[in-house]
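J.: no sequence on this one, just coordinates:
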RNA sequence: GCCCGGGUAGCGCAACGGUAGCGCAACCGAUUUGUAAUCGGUAGGUUAGGGGUUCGAUUCCCCUCUCGGGCUCCA
């Protein structure tokens, strides 16, 4: 008998991990009963439960999942003890001779002893971390079947992964279930269709977004706002073509590292052109078009530039992963390390301000550096990497944002800071990146005349603030659940005449609101007021203005806010004033929790 | 790109070897209404596309496209 562990005495995450990992063992036990020849991968705990990877003789079906679930519950009832045992590596290799993935794992283990765990009739190679017996695994639910590469590499075979959710209590499991449903309701693809924001049409192609008037309005408002902010922050806007010759990207190095992600070449009159996958080379050519002095630096060149990336078919999705996108891009040409540092700091502060205004909260910073040994993936220039990395870390600390670090994830030309965002579906997405680039200035032999009259090489800071309009809008839709703050709302007010005879007055009111640059619509259909209000609510229109005899009498409109508050009759002039000021303040709807106060809107 | 599962009217769904229905939306008509659904009528489909099996395919098989969940990758 193994020693018993008092689960109650363990820290919560340790206890949960043991429960989840143990459940994975129980799943494997069931699977081996269903498929005696199943080859076992690994079965770790994850933050909502567990999974186990198998190679199976046939695809798994939903019915199999039901069977596995029942079989697991049977095992749970029997309260089989988890017993650890150890054996030498040589013995293990013999024992697991028919399990290629386990052998693969063994290969990486130290010589000497390895451990395995047995419960019921099932034994798994395992380093441990279980509950005492199968009765303690906790409330779980098998959730999905997926494919996953062995050890996460697409060079390896693909295994069948079974996911399960597992929490300490049944209530937590149910709460998680409800959360999943909630996430589906918030999904930007669903809301985008319901609100008529954008369209993805087969004949236009996957990842090619068609913006309907409502969505185009959100885009335009974001665009105007960010461009104004950039002007305030000393950026200059340019506009460059979406096409360049192949040789431009050969020179930049993108061709070598990036060509699989580009749209195919276009050939005309003996020249090869491509749709640009990024804007940097264009901006660099603008920099290089004239002799630059240190007095001009930092030179901040910005453009909401359209880019084209042939994302692999399986990863195109809604607005969050598209093939043609508009990036809020800028390149800051800097003289010397100190300037790079202060510019990066300025960018981070701009990002914090913008995210604060938008009410974004589920994000964190991540510092990525390269692997200087991997010259295939990264530019070979160790001192550059070290300097950039240290610099970015200093800035993150100075701006006092939380961040974590990850190796081997940088851009090929330099280290970067990413802002990672959690989507409604619980997936992590990169929203923004800030990159320090010593490489492209070399490739393009960029120069400026320094204080001494000599020639120096600038450093480029690549940065985004609101990401691509596509991805940002996907996140905003989910964040607001389609209830955009007034300044972004496609239709800001609907005017509801009670009867047909009130339509002319409704039009007058609409005209006054439009004079105040408000986006309004008169619902002049021959329908009941109740229906019109219902539909305006479903379209998430922030304000409804009901007009009838009484309002005409008072030169007013009965104001109703999206939240449901009936604000009574308000003079039309006052309505214009009220809505305009709400719009100009970019106030968040009260139900969108603001950032924790550290990030004030710019 | 890879694994699995889908694709039936604008949306949500049904039928499953005998050439398709329902609800909502749309359109038309009546109604003129005081804060979340007025009533009636009409129209709408090469069942994603192509091929095969069959007397007959939306249904079974194959290919392509496409969507979803994952994996990998990324803004």
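T.: Good, I have the coordinates. All of these numbers come straight from a predicted model, not from anything done at the bench.

J.: residues in contact with residue A:97?
T.: By CB atoms under 8 Å, 6 or more residues apart in numbering, the contact list for residue A:97 reads residue A:103. C-beta coordinates here come from the backbone N, C-alpha and C atoms, glycine included.

J.: that's a strand at it, yeah?
T.: No: counting by DSSP: H, G, I helix; E, B strand; the rest coil, residue A:97 falls outside a strand, being coil.

J.: which residues of the stretch 101-250 of chain A lie near RNA strand B?
T.: A:144-149, A:152-154, A:158, A:160-161, A:187, A:189, A:193, A:200, A:202, A:205-207 (CB under 7 Å from any atom of the strand).

J.: can you flag the buried ones in those?
T.: If you count burial by 16 or more other CB atoms under 10 Å, the buried members of these come out as A:160-161, A:187, A:189, A:200, A:207.

J.: of all the residues you listed, which two lie farthest apart?
T.: The distance between the two most remote of these (CB to CB) is 29.7 Å, for A:160 and A:200.

J.: ok so, going back, which of the residues of the stretch 101-250 of chain A next to RNA strand B fall within helices?
T.: Taking DSSP state H, the ones among these that sit in helices are A:189, A:193.

J.: so where's chain A shaky on pLDDT?
T.: Low-confidence segments of chain A, defined by pLDDT under 70: A:1-3, A:371-373, A:375-377, A:408-409, A:590-602.

J.: tell me which residue is most central in it.
T.: Among the residues of chain A, the one closest to the centroid is residue A:429, at 2.4 Å (CA atoms, centre = their mean).

J.: who does that residue form a beta bridge with?
T.: Beta-bridge pairing of residue A:429 under DSSP bridges involves residue A:421.

J.: right, and it touches residue A:420 too?
T.: Yes: Residue A:429 is within contact range of residue A:420, at 7.1 Å (criterion: CB atoms under 8 Å).

J.: all strands for the stretch 151-300 of chain A, in order.
T.: A:158-166, A:198-199, A:210-211, A:236-237, A:243-245, A:266-268, A:271-275, A:299-308 (DSSP state E, counting those that start in this stretch).

J.: can you give the strand pairings for whichever helix or strand comes after the longest one, parallel or anti for each?
T.: Scanning forward in sequence from strand A:299-308, with DSSP states H and E defining helices and strands, the next element found is strand A:324-334. Looking at strand A:324-334 with DSSP bridges, its paired strands and their directions are strand A:299-308 (antiparallel), strand A:459-468 (antiparallel).

J.: need the winner for burial among the ones you listed.
T.: Highest mean neighbour count of these: strand A:459-468, a mean of 25 (counted as mean count of other CB atoms under 10 Å).

J.: tell me if that one is near RNA strand B.
T.: Yes: judged by CB under 7 Å from any atom of the strand, strand A:459-468 comes into contact with RNA strand B at A:464, A:467-468.

J.: now the element after that strand, going C-ward?
T.: Sequence-wise, the next helix or strand downstream of strand A:459-468 (DSSP H and E) is helix A:469-480.

J.: that following helix vs RNA strand B: in contact?
T.: Yes: using CB under 7 Å from any atom of the strand, we find that helix A:469-480 touches RNA strand B at A:470-471.

J.: just want the angle from that helix to strand A:299-308.
T.: 90 degrees (axes from the mean of the first three to the mean of the last three CA atoms, to 10 degrees).

J.: which other residues reach the helix or strand following helix A:469-480?
T.: The first helix or strand that comes after helix A:469-480 along the chain, using DSSP H and E, is strand A:493-497. Strand A:493-497 is contacted by residues A:503, A:505-506, A:509-510, A:513, A:518-524, A:529, A:532-533, A:536, A:539, A:541-548, A:557, A:579 when judged by CB under 8 Å, 6+ apart.

J.: those in helices, which ones?
T.: Of the contacts of strand A:493-497, the ones assigned to helices by DSSP H are A:503, A:505-506, A:509-510, A:513, A:529, A:532-533, A:536, A:579.

J.: ok so residue A:575 is a strand residue?
T.: No: going by three-state DSSP, the assignment for residue A:575 is helix, not a strand.

J.: chain center to stretch A:122-140, what's the gap?
T.: Relative to the chain's own centre, stretch A:122-140 is displaced by 34 Å; criterion: CA atoms, centre = their mean, to the nearest Å.

J.: can you get me the start-to-end distance on it?
T.: Separation of the first and last residues of stretch A:122-140 by CA to CA, to the nearest Å is 20 Å.

J.: ok, and for that stretch, which residues are buried?
T.: Neighbour counts over stretch A:122-140 (16+ other CB under 10 Å) mark A:122-126, A:129-134, A:136-140 as buried.

J.: filter those residues down to just the ones in strands.
T.: The members of the buried residues of stretch A:122-140 that map onto strands under DSSP state E are A:122-125, A:140.

J.: closest to residue A:104 among those residues?
T.: Nearest to residue A:104 among these: residue A:125, at 10.8 Å, using CB to CB.

J.: quick check: the closest one touching residue A:114?
T.: Yes: between residue A:125 and residue A:114 there is a contact under CB under 8 Å: 6.9 Å.

J.: okay, and the common contacts of those two?
T.: Here residue A:125 and residue A:114 have A:92, A:106 as joint contacts, going by CB under 8 Å, 6+ apart.
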